[in-house]
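Visitor: Here's my sequence, what's the structure:
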Amino acid sequence: MPSLAFLFPLSCIAIWAGNGIAGKLAMQIMSPAALSWSRWLIAALVLTPVLGARAWRLRHRLVRSGHKLMALALLGMVLNQTLGYCAAKTLGATEIGLMMGLTPLMTVLLSSLLLREPPTWGALLGGVLSLCGLAVLLGQGDPLSVLRHGIAIGDIYMLLSAFTYALYSVLLRRWTLGLDSWMMLYGQVLCSLLLLTPYFFLVDGTLPDRQALWLILYAGIPTSALSPWLWMQGIALLGANRTAIYLNLLPLMTASLAVWLLGEQLTMAHLLGGILTLSGVVMAQCILRPMHRP
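Guide: Residues are numbered from 1 along each chain as shown. Here you go, the predicted structure:
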């Protein structure tokens with residue numbers, strides 16, 4: 001299994017790339033609240049017949065870990081996805097994929113803070129390089145325009161989305177809940193549904209129509225019911241930082257699908273900003289020399 005452990009995050013990234021396209025299409029016919037709520041409802045309906053009885057037997061263990069499961073669900077499933085869908089209202093799938101590619105760098109930085117891993121030169125230099133790439137991307141080729149005009153609300157949503165998933169990945173590594181990956185997933189799905197139900201009915205309340213059904217099914221089954229388990233398995237086998245490396249493939253996969261399926265155009269700002277950003281991310285993950293030795 002260790003030699004095949006890379007298949008877990010790799011498969012997850014492929015599903016997420018497709019979800020970026022599905023999310024962009026869905027935002028043309030439904031609200032972020034509706035898609036966020038309906039996808040976890042579908043996931044709960046799919047997983048309950050398989051995992052419900054076992055979850056009932058482990059209910060005391062699930063209840064003891066309930067506050068941590070709720071926090072993980074809030075970060076990795078509720079905020080990450082809802083913010084991403086809000087960003088998709090104004091950003092293309094290519095921009096979303098490129099900005100989500102910052103998650104590994106954020107994971108490295110948060111690991112230094114929360115897991116007490118020593119900061120590295122790669123994290124410092126890679127962070128600076130990624131910020132330069134991000135400025136090129138956000139400024140659409142003119143980095144100084146970010147200073148003159150600020151950044152758009154969609155960009156803010158996407159940066160927050162990447163941050164919440166980085167924090168989610170680090171907390172998954174830090175917390176030991178005594179649950180296997182399927183129970184971790186099922187517990188978080190139920191917590192997500194609990195958090196999103198009042199949000200949906202307060203903000204929207206309109207049930208999606210048939211036109212959105214296939215998009216909801218994709219978001220609910222492979223993306224919600226399967227990919228979180230694949231990601232948690234990757235973290236369990238490879239660790240948070242090594243698993244996060246596979247997020248470097250997300251911009252490439254998403255951009256390829258966006259060009260093919262949505263007809264999006266790659267610009268020089270996309271290429272230059274993406275190269276700088278992802279080069280910084282790779283630098284942070286490959287240059288592991290500590291900035292100071294104990």
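
Visitor: Which helix runs longest in the protein?
Guide: The residue-count maximum for a helix in the chain (DSSP state H) belongs to helix 32-57.

Visitor: average pLDDT across whichever strand or helix holds W214?
Guide: Assessed by DSSP states H and E, W214 sits inside helix 213-218. What helix 213-218 shows for mean pLDDT is 91.

Visitor: On the C-terminal side of that helix, identify the next helix or strand.
Guide: That would be, after helix 213-218 and using DSSP H and E, helix 227-238.

Visitor: now the helices: where do they sit in the stretch 1-150 of the chain?
Guide: Secondary structure of the stretch 1-150 of the chain by DSSP state H, counting those that start in this stretch: the helices cover 7-26, 32-57, 59-64, 66-73, 80-88, 93-100, 103-114, 121-138, 144-149.

Visitor: residues contacting the nearest residue to D209 once chain neighbours are set aside?
Guide: Once flanking residues are discounted, D209 sits nearest to I29: 7.8 Å by C-beta to C-beta, 6 or more residues apart in numbering. Every C-beta, even on glycine, is put in place using the N, C-alpha and C of the backbone. Counting by C-beta atoms under 8 Å, 6 or more residues apart in numbering, I29 touches 208-209, 211-212.

Visitor: Out of the residues you listed, the closest to C12 would be?
Guide: The shortest approach to C12 among the contacts of I29 belongs to A212, at 23.6 Å (C-beta to C-beta).

Visitor: Now do that closest one against T176, distance only.
Guide: Distance, A212 to T176, by C-beta to C-beta, to the nearest Å: 39 Å.

Visitor: Settle it for me: which of those two has more neighbours?
Guide: A212 (20 against 8; other C-beta atoms under 10 Å).

Visitor: follow-up on the earlier one: torsion angles phi and psi at the residue nearest to D209?
Guide: Main-chain dihedrals, I29, degrees, to the nearest 10: phi -130, psi 0.

Visitor: if I look at it, how far off is R242?
Guide: I29 is 38 Å from R242, by C-beta to C-beta.

Visitor: again, but for M291
Guide: Relative to R242, M291 is positioned 21 Å away (C-beta to C-beta).

Visitor: between these two, which one's more packed in?
Guide: R242 (16 against 12).

Visitor: quick one: the more buried one is in a strand?
Guide: No: assessed with DSSP: H, G, I helix; E, B strand; the rest coil, R242 is helix; it does not lie in a strand.

Visitor: So it versus S227, what's the distance?
Guide: 18 Å.

Visitor: Where does pLDDT dip in this structure?
Guide: 1-3, 144, 146-150, 240-241, 285, 292-294 (pLDDT under 70).

Visitor: what about the closest residue to M232 other than its chain neighbours, how many neighbours?
Guide: Spatially, and ignoring its direct neighbours in sequence, M232 is nearest to S181 (4.6 Å; C-beta to C-beta, 6+ apart). The tally of other residues near S181 (other C-beta under 10 Å) stands at 18.

Visitor: Many thanks, we can stop here.
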